[in-house]
Each structure stands twice: as structure tokens, then as C-alpha cells.
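Peer 1: curious how this folds, go ahead:
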Amino acid sequence: MLRFTDEHEWLAREGDVATVGITTHAAEQLGDLVFIELPKVGARLVKGEAAAVVESVKAASDVYAPVSGEVTEVNDAALADPASVGSDPQGAGWLYRIRLDDPSALDDLMDEAAYAAFPK
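Peer 2: The predicted structure is shown next:
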């Protein structure tokens, strides 16, 4: 089950680890991605703070941590090919994985139906 933020990040939980990326809507708004900067494995992220940067030919945009926790993995393929984030943002273009400090924090995020109804 996917969860979403109002900043257009998505999160998919698997046990106590969640995969994080930008939504299809965010990728469409940014256009062709040319650079991404991801957090380091082992970094502690705080919900709502900048965790990564995605840069397109149009603009650079911060990606915010949807939950607090420790980064366990980054998507090296996305670092090597930023365009893959734009072409499959909610699949192979994921950005990083985070071990959740508090799994109940997901309750504060939108489910798919709420995000679909969220004004964009």
C-alpha cells in the first residue's frame, strides 16, 4: 500500500523499512531530470526536512522525508541515470529506503484515494 505527502513524495512500507520516491505528478511537473542528490546510507532523516534533491532542466526541487528514520539504501541506478526517476518515478525510479522510527507515522500520510483527490 502506497502513502503520499502533500509535497508529492510517495512511500511504500515493507516491514519496518519503507521505500521513498517522488510521485508521477511531481516527475511530470519537473520534466527531464538531469541530476539527483540522495542522502547517505546511515543518515538520520527527520520528517518534513529536506532529504534529497532532484534537478531538471526547469528547476531544482527538494524531496522531503515523509517519516523520520535511518537511510538503509539508496538507488544507485537512479544516481547513474537521473532520467529513470522521471520515466518510472513510482517504480524503478525510487530514491531511497528508510528504517522507520515510528511505523504509526504512516497514519499521518494520505492513502491512494486521498492523494488522488488532493488538489495538484
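Peer 1: surely Glu9 is in contact with Thr19?
Peer 2: No - using C-beta atoms under 8 Å, Glu9 is not in contact with Thr19; the gap is 10.9 Å. C-beta here means a position set from N, CA and C on the backbone, and glycine is covered the same way.
Peer 1: among these two, which residue is more densely surrounded?
Peer 2: A side-by-side neighbour count of Glu9 and Thr19, using other C-beta atoms under 10 Å, places Glu9 first with 22 against 19.
Peer 1: identify the residue nearest the geometric centre of the protein.
Peer 2: Closest to where the C-alpha atoms of the chain average out (C-alpha atoms, centre = their mean) is Gly21, at 2.4 Å.
Peer 1: that one: what secondary structure?
Peer 2: Using DSSP: H, G, I helix; E, B strand; the rest coil, the structure places Gly21 in strand.
Peer 1: check whether it really touches Leu95, as I assumed.
Peer 2: Yes - counting by C-beta under 8 Å, Gly21 does reach Leu95; the two are 4.9 Å apart.
Peer 1: between these two, which contacts overlap?
Peer 2: Val85 (C-beta atoms under 8 Å, 6 or more residues apart in numbering).
Peer 1: show me what contacts Lys58?
Peer 2: 30-31.
Peer 1: so it, which state does it fall into?
Peer 2: Going by three-state DSSP, the secondary structure assigned to Lys58 is coil.
Peer 1: pLDDT weak spots in this structure?
Peer 2: Within the chain, no stretch falls below the threshold (pLDDT under 70).
Peer 1: strands of that one, start to end?
Peer 2: Assignment of strands within the chain using DSSP state E yields the ranges 2-4, 9-14, 17-22, 33-37, 44-45, 50-56, 60-64, 69-74, 96-100.
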